[in-house]
Structures are given as C-alpha cells and as structure tokens.
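K.L.:
here's my sequence, what's the structure:
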Amino acid sequence: MVRQVWGSGRAGERARRSSAYLACAVLAGFCPAAAQAETLADALVKAYQTSPQLNAERARQRATDENVPQALAGYRPQIAANLGVGLQAVRDLLPDNSIQTATQKPWTIGLTVTQTLFNGFKTANSVRVAELQVQSGREALRNVGQGVLLDAVTAYTNVLANQSLVDAQRANVASLRETLGVAQRRLAAGDVTPTDTSQAEARLSRGLSDLNAAEVALAVSQATYAQVIGMQPSRLAPAQPVDRLLPPGREAAIGLAIRANPAVLAAGFDVDVATKSINVAESSLYPTVTLQGSVSRSRQSDTTLGTNGTDVASVIGQATVPIYDGGTAASQTRQAKEVAAQSRLVLEQVRNQAKTAAIAAWVAHEGAKIAVSAAESEVRAASLALDGVRKEVQGGQRTTVDVLNAQQDLVAAKARLIGAQRDRVVASYSLLGAVGSLDVKTLGLSTPDYLPEVHYHQVRDAWHGLRTPSGQ
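P.N.:
Residues are numbered from 1 along each chain as shown. Presented below is the predicted three-dimensional model:
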C-alpha cells in the first residue's frame with residue numbers, strides 16, 4: 001500500500017481551514033446576526049399588514065357586517081315618493097252630436113309610508129342570523145390570519161435554511177478543491193496514484209452539482225418569501241421556536257384546539273346560523289300585518305271637467321294570511337332543516353380535524369426536538385470522524401477516498417441538522433396555530449391588531465349613507 005500523507009505546510013493548513021469553515025457553515029442562519037438584520041417578528045408584521053389574502057378576507061368580513069343593517073331595515077319604515085306628469089288628448093262626443101277636443105296636462109304627486117307590524121318574526125330571526133354570520137366570519141378571518149402568519153414563518157425559515165445549505169455547500173466545494181489540489185501535488189510527487197486524483201475530481205463535480213441545487217432552492221425560497229412577506233429578503237436574523245407560548249402537554253393541546261381553534265368556532269356559529277334560518281323559513285307560513293299611510297295631490301288642466309284637482313290622504317292597515325303558496329314555504333323549511341343537520345355534521349368533522357391537527361402538530365414538535373438533538377450529535381461525531389481519518393491518512397492507514405467519504409458524511413449530517421432546525425421552528429408555530437393562538441397579540445408583534453368589531457359598530461345602526469367608513 002502506498003503511504004498516504006494528508007499534507008503539510010500551507011496546503012495542509014488551507015485544507016484544515018476549509019474543513020473548519022465547513023463545520024461552521026451549518027450554523028450561519030442560527031448564530032447571532034449583525035445589526036440591522038431583519039427578524040422573524042419584522043417579517044410577520046409585514047405579512048400581517050400587507051398580505052393580499054388577509055386584506056381580501058378583511059374586506060369580505062366588512063361586507064358580511066352589512067348583513068346586519070340590511071336585516072335591521074325590516075324594523076324601519078319604507079318611504080316612497082311618486083310624481084307623475086303627462087300629456088293627454090281627449091275627444092268628447094256631446095249630446096248634440098258635436099265633438100269637443102282638449103289637450104290635458106295632468107300631474108300627480110304623492111308620498112307613501114309603509115311600516116311592517118308583524119311578519120312572523122322574520123325580521124327578528126333575520127337579524128340574529130346576520131349577527132351569527134358576522135361572528136362566524138370573524139373566526140374565519142382569524143383562521144386566515146393564522147394561515148398567513150404560518151406561511152410567513154415557513155417562508156422565512158426556508159430562506160434561512162436554504163442560505164445555510166448554500167453556505168455549507170460552498171464550504172464543501174472549497175474543501176474539495178483543496179483536497180483535489182493536495183491529491184494533484186502528491187500525484188506529481190509520486191505519493192498517490194491517478195485514482196486518488198480522479199476520485200477527488202468526481203467528488204468535486206458532485207459538490208458543484210449539490211451547490212447548484214442548493215442555489216436553485218434558495219432562489220425559489222426567496223421568491224416565495226417575496227410573495228408572502230411582500231418584499232425581497234435581506235439579511236435575516238436567527239429564527240427561534242416559541243416554546244414559551246405552547247401548551248404544557250398533549251392533552252392540553254387537544255383541549256385548546258377543540259375549544260379555541262377558529263375553524264371549530266366558525267363551524268359552531270355556522271350551526272347556529274343554520275338553526276335560526278329554519279325560523280326565517282317558517283316565517284313565510286305566518287300572517288303579515290302592515291300599516292300604510294299615503295298622501296297625494298293630482299291636478300287636471302281641463303276646466304270643463306267637474307273637478308280640477310284631487311287631494312287624498314289615507315291610513316290603511318292590511319293583514320295578509322297565506323293559505324297555499326304551492327308548497328314553496330314548506331319546501332324551504334324542510335331545506336333549512338337539512339342544512340342545519342349538515343352543519344352539525346360538519347362541526348363534528350371540523351372538531352375531529354382540529355383534534356387530529358393538534359395531535360400531529362404536537363408529535364411533530366416533539367419529534368423536531370429529538371431530530372435537532374440527534375442531528376447535532378451526528379454533526380459532532382462526523383466532525384470528529386473526519387479529523388480522525390485525516391490523521392490516519394498521515395499515518396498511512398487511510399486513503400484519499402476515505403477522507404472524501406468522511407467529508408461527504410459530514411456535509412450530509414449538516415444538511416440534516418439544517419433541516420431539523422428549520423422544522424423545529426415551523427413545528428412550534430404550527431402547534432401554536434393548531435390551538436388557535438397564532439395571532440398578533442399572543443406573539444407580541446409591534447403592529448396594531450386589526451379589530452373587525454370596529455367596522456361592525458360603525459355600520460350596524462347606519463340608516464343611510466353610501467360611503468363606507470373608510471371613505472369609499
């Protein structure tokens with residue numbers, strides 16, 4: 001066996017420096033960041049403020065708020081004015097068989113006020129349905145907000161992880177170049193065979209391919225970051241898990257998910273909406289009582305008529321009792337009952353999904369902790385193994401391919417550690433979202449929380465006005 005020597009002097013020192021750099025590259029995204037680095041909290045604030053998806057959902061909720069004043073309008077009088085002006089040609093046949101013609105210009109003006117006194121409790125039930133729809137919509141908005149924040153966390157950590165992978169692969173390529181240079185010099189000196197040089201060249205080519213793949217993944221993650229956060233990523237600070245905000249145990253997580261998950265709460269309000277909608281449908285079977293007052297004035301321009309004008313004022317009470325409508329109201333009532341039954345089943349389904357999501361998030365979070373610990377141990381062991389192989393090479397007990405294999409094992413271990421650290425952060429935020437606590441207030445973000453009830457109170461009792469509270 002040809003005696004293998006790793007190298008001495010400047011070449012050996014450069015190889016050792018490259019190896020040390022490779023050993024630190026994995027921690028690039030998790031070491032203290034320089035000043036002015038963008039933090040995960042900064043990214044979450046930007047996403048919360050500028051997300052088109054979240055802003056669209058807020059607009060949808062503001063539109064849902066308008067259902068309440070529309071329902072309340074049933075309590076209020078309906079006022080209508082009418083004006084009629086015309087041109088009328090008249091041809092009269094008189095008793096003496098003579099004909100008299102005239103052109104009239106009649107006009108009529110009137111005002112009608114209609115007040116519903118009773119409509120089978122339709123207005124009261126409609127108002128309650130609209131209020132429940134608002135509450136359901138708020139939970140849906142909160143659920144979308146959680147999704148946006150979780151997407152922001154995922155995009156942020158993906159950029160960090162992929163940047164660390166790129167740094168690790170660059171360090172690996174630099175180390176492989178040093179290894180190839182040492183092998184070429186030793187080949188020239190007759191210490192190794194051409195096989196060693198070919199093996200080093202092959203590993204360098206693989207390293208360059210891995211570096212290219214890592215750079216592509218980084219570019220994709222940066223584009224996703226810009227889409228989710230609203231701007232290109234700059235220097236990103238380390239991301240930390242939010243263990244302090246998480247429930248203490250698995251059962252506590254399941255209980256919180258069932259009680260506080262916005263999807264579950266929204267489905268519960270949907271059940272209430274469907275139940276009240278049955279009463280709205282049944283109202284068509286009840287009598288309707290209205291009171292109508294009207295005033296009108298009409299004038300004629302033909303002086304030959306018995307009267308030149310008429311003034312009328314009236315107050316009329318009217319009761320309408322449905323007898324048979326072809327089965328429409330009955331069908332609508334049966335339909336509402338089936339929808340209510342469906343909504344109860346959906347609620348049960350959503351509860352099961354929330355429970356499953358909480359369990360999955362808890363297990364993933366605990367598994368991520370173990371994965372990080374195992375990956376850190378693997379990196380330490382692989383680093384020691386690489387150092388040992390290099391020393392054994394100097395003693396002639398190892399070959400160049402052994403060094404290359406040990407270095408490849410170290411790079412793979414570091415890649416797994418980067419992935420585990422990324423999964424650790426995302427898993428903690430996913431668990432926080434599963435229990436319904438992934439929001440601005442819980443995270444303590446430096447941004448005003450969007451309060452949908454503000455718009456609701458602005459429009460609830462509005463009797464008129466075409467402009468929205470925002471001035472549109």
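K.L.:
okay, and Asn143 sits in which element?
P.N.:
Element membership for Asn143, per DSSP states H and E: helix 122-189.
K.L.:
could you give the angle of the helix or strand following that helix to helix 122-189?
P.N.:
For helix 122-189, the following helix or strand on the C-terminal side (DSSP H and E) is helix 194-229. Between helix 194-229 and helix 122-189, the angle comes out at 160 degrees (axes from the mean of the first three to the mean of the last three Cα atoms, to 10 degrees).
K.L.:
helices or strands next to helix 194-229 in the packing?
P.N.:
Where contact means 3 or more Cβ pairs under 8 Å, 6 or more residues apart in numbering; DSSP states H and E, helix 194-229 is packed against helix 40-50, helix 122-189, helix 400-434. All C-beta atoms are positioned from the backbone trio N, CA, C, and that covers glycine.
K.L.:
what helices and strands are in contact with the helix or strand where Leu54 lies?
P.N.:
The secondary structure element spanning Leu54 is helix 52-65 (assigned by DSSP H and E). Using 3+ Cβ pairs under 8 Å, 6+ apart as the contact criterion, the secondary-structure elements in contact with helix 52-65 are helix 122-189, helix 452-459.
K.L.:
in TSV, list these along with mean pLDDT.
P.N.:
Putting the helices and strands packed on helix 52-65 into TSV (pLDDT from 0 to 100) gives the following:
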stretch	mean pLDDT
helix 122-189	91
helix 452-459	92
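K.L.:
so which bits of stretch 329-345 are buried?
P.N.:
Neighbour-count burial for stretch 329-345, with 16 or more other Cβ atoms under 10 Å as criterion, is recorded at 329, 332-333, 336-337, 339-340, 343-344.
K.L.:
if we can go back for a sec, who does the helix holding Asn143 touch, helix- and strand-wise?
P.N.:
Using 3+ Cβ pairs under 8 Å, 6+ apart, helix 122-189 is in contact with helix 9-25, helix 40-50, helix 52-65, helix 67-72, helix 194-229, helix 262-282, helix 400-434, helix 452-459.
K.L.:
dump the third one to CSV, keeping only the CA atoms.
P.N.:
What it means is helix 52-65. What follows is helix 52-65 as a C-alpha-only set of coordinates in CSV (Å, rounded to 0.1, in the frame of the first residue of the first chain):
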residue,chain,number,x,y,z
PRO,A,52,-53.4,40.5,-0.2
GLN,A,53,-55.0,37.3,1.0
LEU,A,54,-55.6,38.7,4.5
ASN,A,55,-56.7,42.1,3.3
ALA,A,56,-59.2,40.4,0.9
GLU,A,57,-60.6,38.4,3.8
ARG,A,58,-60.9,41.6,5.9
ALA,A,59,-62.9,43.2,3.0
ARG,A,60,-65.1,40.1,2.9
GLN,A,61,-65.8,40.4,6.6
ARG,A,62,-66.7,44.1,6.2
ALA,A,63,-69.1,43.1,3.5
THR,A,64,-70.6,40.4,5.9
ASP,A,65,-71.1,43.1,8.5
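K.L.:
what does that helix contact?
P.N.:
Contacts of helix 52-65 with the rest of the structure, by Cβ atoms under 8 Å, 6 or more residues apart in numbering, involve 47-48, 133-134, 137-138, 140-141, 144-145, 147-148, 450, 452, 455-456, 459-460, 468.
K.L.:
can you rerun that using 10 Å?
P.N.:
Taking Cβ atoms under 10 Å, 6 or more residues apart in numbering as the criterion, the residues outside helix 52-65 that touch it are 47-49, 51, 130-131, 133-138, 140-145, 147-149, 151, 227-228, 230, 450, 452-453, 455-460, 468-470.
K.L.:
how about it: buried residues?
P.N.:
With burial defined by 16+ other Cβ under 10 Å, the residues of helix 52-65 counted as buried are 54, 57-58, 61-62, 64-65.
K.L.:
just the fifth one next, same as before
P.N.:
Taking 16+ other Cβ under 10 Å as the basis for neighbour counts, the residues of helix 194-229 that come out buried are 196-197, 199-200, 203-204, 207, 210-211, 214-215, 217-218, 221-222, 224-225, 228-229.
K.L.:
buried sites along the helix or strand that that helix is followed by?
P.N.:
Elements were assigned by DSSP H and E; along the chain past helix 194-229, the next helix or strand is helix 250-260. By neighbour count, and taking 16+ other Cβ under 10 Å as the criterion, the buried residues in helix 250-260 are 253-254, 256-258.
K.L.:
could you give the angle of helix 250-260 to helix 122-189?
P.N.:
140 degrees.
K.L.:
quick one: list the elements packing against helix 250-260.
P.N.:
Applying 3 or more Cβ pairs under 10 Å, 6 or more residues apart in numbering; DSSP states H and E, one finds that helix 250-260 makes contact with helix 262-282, helix 328-394, helix 400-434.
K.L.:
how far does that helix sit from the chain's center?
P.N.:
Between the centre of helix 250-260 and the centre of its host chain there is 21 Å, according to Cα atoms, centre = their mean, to the nearest Å.
K.L.:
ditto for stretch 322-330
P.N.:
For stretch 322-330 - counting by Cα atoms, centre = their mean - the centre lies 44 Å from the chain centre.
K.L.:
what's the mean pLDDT across that stretch?
P.N.:
Stretch 322-330 shows a mean pLDDT of 91.
K.L.:
same deal with stretch 254-266?
P.N.:
In this model, stretch 254-266 carries a mean pLDDT of 95.
K.L.:
return that stretch as CSV; C-alpha atoms alone will do.
P.N.:
Extracted C-alpha coordinates of stretch 254-266, given in CSV (Å, rounded to 0.1, in the frame of the first residue of the first chain):
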residue,chain,number,x,y,z
ILE,A,254,-56.1,18.8,22.2
GLY,A,255,-58.4,20.6,24.6
LEU,A,256,-57.3,24.0,23.4
ALA,A,257,-57.7,23.0,19.8
ILE,A,258,-61.3,21.9,20.3
ARG,A,259,-62.2,25.0,22.3
ALA,A,260,-60.2,27.8,20.6
ASN,A,261,-59.4,26.7,17.1
PRO,A,262,-61.0,29.4,14.8
ALA,A,263,-62.2,26.8,12.3
VAL,A,264,-64.1,24.9,15.1
LEU,A,265,-65.6,28.2,16.4
ALA,A,266,-66.6,29.3,12.9
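K.L.:
run through who's touching it.
P.N.:
Looking at what lies outside stretch 254-266 - Cβ under 10 Å, 6+ apart - the contacts are 135-147, 246-247, 249, 267, 347, 350-359, 361-362, 431-439.
K.L.:
could you flag which of the residues you listed are buried?
P.N.:
By the neighbour-count criterion of 16+ other Cβ under 10 Å, the contacts of stretch 254-266 include these buried positions: 135-147, 246-247, 267, 347, 350-351, 354-355, 357-358, 361-362, 431-439.
K.L.:
make TSV out of the helices and strands packed on helix 52-65 and add distance to Ser296.
P.N.:
Listed next are these as TSV, based on distance: least, Cβ to Cβ, whole Å:
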stretch	distance to Ser296
helix 122-189	28
helix 452-459	35
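K.L.:
quick one, which of those is nearest to Thr116?
P.N.:
helix 122-189 (7.2 Å; Cβ to Cβ).
K.L.:
and the angle from the closest one to helix 400-434?
P.N.:
170 degrees.
K.L.:
tilt between helix 122-189 and helix 262-282?
P.N.:
Regarding helix 122-189 and helix 262-282, their directions subtend 150 degrees when assessed with the same axes, to 10 degrees.
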